[in-house]
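J.: This is a predicted model, with the sequence first.
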Amino acid sequence: MLRTNTKLRATIALIITTFCFLQVTAGNNWNVPADKKTKNSTFKFDANTVKDGESVYTKNCVSCHGNPTKGNSLKSLNPVPPDLSSAKTQELTDGELFYILNTGRVIMPSFNNVLSEEDRWKVIAYIRSFNKNYVQQVSTNDATKSQLVKADIDFNKNTNRLTITVKATEKTGSVLLKNDEIALFANRYFGRLQIGESQRTSADGVAVFDFPKDLPGDKDGNVKLVVKINDDTYGEILRLKTMQIGIPTDKPALNEKRAIWNVLAKAPYWIIILYTSGVLAFGCVLMYLLYSLNRLRKAGNN
Amino acid sequence: MATKSNTDKITTDLLRPIRLNKSFIIWMGFLGVSLVICLGAYGWQLKNGMVVTGLGDYVSWGMYISNFVFFVATSLIGMLISAVLGLSGQKWAAPLARIAEIIALAFAAVAGLVIISDMGRPERLLNVIIHARIQSPIVWDITVVSVYVLISALFLYIPLIPDLKICAEKLENLPPFARKIYKALSLNWNDTPEQKKIIKQTTRTIAIFIIPVALAIHTVTSWLFANTSRAGWDSTIYGPYFVTGAFVSGTAAVIIAMYFFRKNYKLHDYITDSHFDMIGKLLVLVSLVYLYFNLNEYMVPFYKMKESEAILLHDLFSGNHALLFWSVQMLGLVLPIILLLFKKMRKPQPMLLIGIMVLLGAWFKRLIIVVPTQEHPYLPIQNVPLNFKIYSPTLVETLISIAPFILVLMIITLLAKVIPIIPVHETIEHLEENK
C-alpha cells in the first residue's frame, strides 16, 4: 500500500516537474533568428525617447505586463507576462526585444503593424531605463537612408490589382529592393486595415496585391493607402498615397441627424414635444392655481 | 349649544400644539447639533474629495444615490393619501392628508439636496442646467422633482387657507408679526360660499394634477437606472416597480408620524385606533402590490439566467448580498404583510414597530437596487484593490447620508409647530355635515 503510494507520488512529481520544465522552456525559447538578434536602434536612447516610450508602453503594454519593477503583471494569463525590468528580460539583446515586439506569440500580439518602428524602439528605450548596467549599441545604419526609397503604386482596373515597385535612388543609380517584407494598408477611422497578407518583393522589387472590390472609400471613392516596407539597409519605410479605387460612400456622420446622443440643438423632435408639453402643462396648471388664489383673495373683500 | 362647544373643543385641541414649549426646543436643539456634526462630515468631504467615501470607479452611487431614491420614494405618499384616497371618496383618510402632505413636501424638498452629496464638485451643479440636454433623464428628473416640490407646497397650502385664518384669530399669545403672517397667508378668507367653492375646485385640480406628476417623478427616477443596459437595471417594469415601492415606504413613514403626533400632540380623538386599522390595511395592500412587482422583477431574469443577470442574481440570492437581500424581502415586506393581516397588529404600538421595520427595509432595498449592479459591470474587473470591488461605506459617508433625515425631521417638526396638522376647518365642516 505504502509502496504504491510512493510510486504514485513519484509519478505525479515527475509529471509536474516535466510540465514545469516544458513551461519554462516554452517561456524562454523565442527562436530569434541570428540576423535579427544583432539589430539595433538607429537613434540613441535618451530621457526624451524614454519618456515617449513610457507613454507608448502605458497605452499598449501595461495592461498585461504591469508597471516595470512593480511586479503587477496580469497573473491570470498563461504564460504569465514577465515584469520587463527583470534580469531575464534585460539579458536579451535589443534585437531580440525588437523581434519579440514585432512578432508576438500565443497571447502576446504582434506590434509590427500597430506601432511605428520608432515607437517600438522607444518602448525598448523605456524598458532599458530600468537597467543601470545597460550600454546601448546604436546601429551603424543611416536612418536618413529610408528617404531615398520610392514606392510606385499602380492600379489595374480590369484585374483590380495593385502593383507596387520599390526602389531606392542612390547617387550611383537606382537600386531595386529585393526580397523585402512589404505590407499594404488602407487608413480607416481608427488605425489601419491590412489589405491581403504581407509579402516579399520579387527580384524586380515588385509586389502585387489583390485589392478588394467592396472597400468603401470617401464620397468620391478615395482610399488612403499606406505601403510599409522593411529593408535591412534602408530600415522601415512608410509611403502614403490616396487613390480613387474604393466604393464611393456618403454616409452622414452619426452626429449629423437629430438623435438621443446628439447635442441639445439636435435633440429628437419627440423628446422636445414631450418635454415641452409636460413643462407647458405644468405652467398652465400653475397659472390657473395662482389665478384662483387671486380670485379667492378678491372674493373675501366682498 | 352643543355644536358651539364641539367646534370650540376641536379648535382648541388642534391649535394646542402651536406654541413654543420646552420639548420642542430640546428636540430642535438635538436635531440642530446632530445636523452640525453631519455637516462637519460634509465639509470634510468637500475639503478632501470623494476619496473620504467608499465610492470609486465601479460603485460610484452607493449610499448617496440609494438615499436619493428613498427620499423621492417616500415623498410620493402625499399623492397617494391626499389625492388618490381623497378623490376616490375615502373619507377616513382626510385627517391624515396634511401629515402626508408635510411628509411629501419635506422629503421631496430634501431629495434634491441628497443628490448633491454624491457630487465631488458641487459648485458645478449649475452646469447641469446651463449645459442641459433634454435627452438626458437627469434633466427630466430635475424638472419633475422641482415641479413636484412646488405642487406639493401648493397642495399643502391651498386647503390650509381657512385654517390659517383660524390660526390668526384664535391663537392666543401670538406675537403680532406671526399673526400678521397668518393673516396675510389666509388671503382674506371669510368663509363665503364663493371662497369655499374656489378652494374646493382648486384642491380638486391639484389632486388630479399631482397624480401624473408624482408618477412622473418616481418613474423618471427609475429611468435613471432602467435607461441603461446594466444587469439588474435593464428592466421594463422599473417605473411601476419603483412607484409601488414608493407607496410602501411612504405609508410606513406616515404611520410613524401618526404615532408620534397622536402621542405628543394628544390627538387621540382625531387620529383614532380605527385610522391605524385602516392605514394598516392600506399598507398590506400596497405591500402586496409591491411584492407582486418584486416577484416579476426577480423571477423573470432568474428563469432566463442570462449570463450577466445570472452573476448578479447569484450574488443577491446566495452571494455577498444574500443576507441583506433576504432580510429586506422577508423582514421589510413579507413579515409585515403577514403580521398586519391580524387585527391585533393594526393597533398603534405594533404598527409603529412594523412601520419602522418597513421603512428600514425600504431604505436597504434601495441599497440592494443600486450597489450590487454597480459591483458587476459588463467588463471584467481586473487588477484593482478589494475595496474597489466590494463597496463598504465609510463613517463620513454614513454621517452625510444621515443629514437629510435630520433635515426632513426639522422641516416636519417646524411645519407641525406652525400649522395645525389635522385640518381644523375641514373637521368642523365634516362634523356639521354629519349632524
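T.: Sure, I can see it.

J.: Quick check, the residue in chain B closest to chain A?
T.: B:Asn188 (2.7 Å; CB to the nearest CB). (C-beta placed from N, C-alpha, C; glycine too.)

J.: Give me the nearest residue to that residue, chain neighbours excluded.
T.: Leaving aside its chain neighbours, B:Asn188 sits nearest to A:Gly300 (2.7 Å; criterion: CB to CB, 6 or more residues apart in numbering or on different chains).

J.: Over to B:Pro348?
T.: B:Pro348 sits nearest to B:Phe276 (CB to CB, 6+ apart), 5.1 Å away.

J.: What of B:Leu96?
T.: In space, B:Leu96 is closest to B:Ile81, 5.7 Å off (CB to CB, 6+ apart).

J.: Okay, now the unreliable bits of chain B?
T.: Residue ranges of chain B with pLDDT under 70: B:1-3, B:435.

J.: Around chain A, pick out the residues from it.
T.: Counting by CB under 8 Å from any CB of the partner chain, chain B comes close to chain A at B:132-135, B:140, B:143, B:147, B:150-151, B:154, B:158, B:161, B:187-190, B:192, B:194-195, B:198-199, B:201-202, B:205-206, B:209, B:213, B:216, B:382-383.

J.: who are the neighbours in contact with B:Ser152?
T.: By CB atoms under 8 Å, 6 or more residues apart in numbering or on different chains, the contact list for B:Ser152 reads B:Ser75, B:Gly78, B:Glu101, B:Ala104, B:Leu105, B:Ala108, B:Ile210.

J.: if you set the cut-off to 7 Å instead, what comes out?
T.: Residues near B:Ser152 by CB atoms under 7 Å, 6 or more residues apart in numbering or on different chains: B:Gly78, B:Glu101, B:Ala104, B:Leu105, B:Ala108.

J.: What about the residues you listed, which are in helices?
T.: B:Gly78, B:Glu101, B:Ala104, B:Leu105, B:Ala108 (DSSP state H).

J.: ok, and the closest non-adjacent residue to the second one?
T.: Using CB to CB, 6+ apart and skipping residues adjacent in sequence, the residue nearest B:Glu101 is B:Leu156, 4.3 Å away.

J.: if we can go back for a sec, wait, isn't the residue of chain B closest to chain A in contact with A:Arg297?
T.: Yes: applying CB atoms under 7 Å as the test, B:Asn188 and A:Arg297 come out as touching, 4.9 Å apart.

J.: A:Thr169 should be in a strand, yeah?
T.: Yes: assessed by DSSP: H, G, I helix; E, B strand; the rest coil, A:Thr169 belongs to a strand.

J.: Find me the pLDDT at the nearest residue to it once chain neighbours are set aside, would you?
T.: Nearest residue to A:Thr169, sequence neighbours excluded (CB to CB, 6+ apart): A:Leu148, at 5.5 Å. If you check A:Leu148, the pLDDT there is 88.

J.: Next up, the contacts around A:Leu148.
T.: With CB under 7 Å, 6+ apart, A:Leu148 has these contacts: A:Ala168, A:Thr169, A:Glu170, A:Tyr234.

J.: Could you give the bridge partners of the second one?
T.: Read that as A:Thr169. According to DSSP bridges, the residues that bridge with A:Thr169 are A:Ser174.

J.: How much space separates it from chain B?
T.: For A:Thr169, the distance to chain B equals 51 Å [CB to the nearest CB, to the nearest Å].
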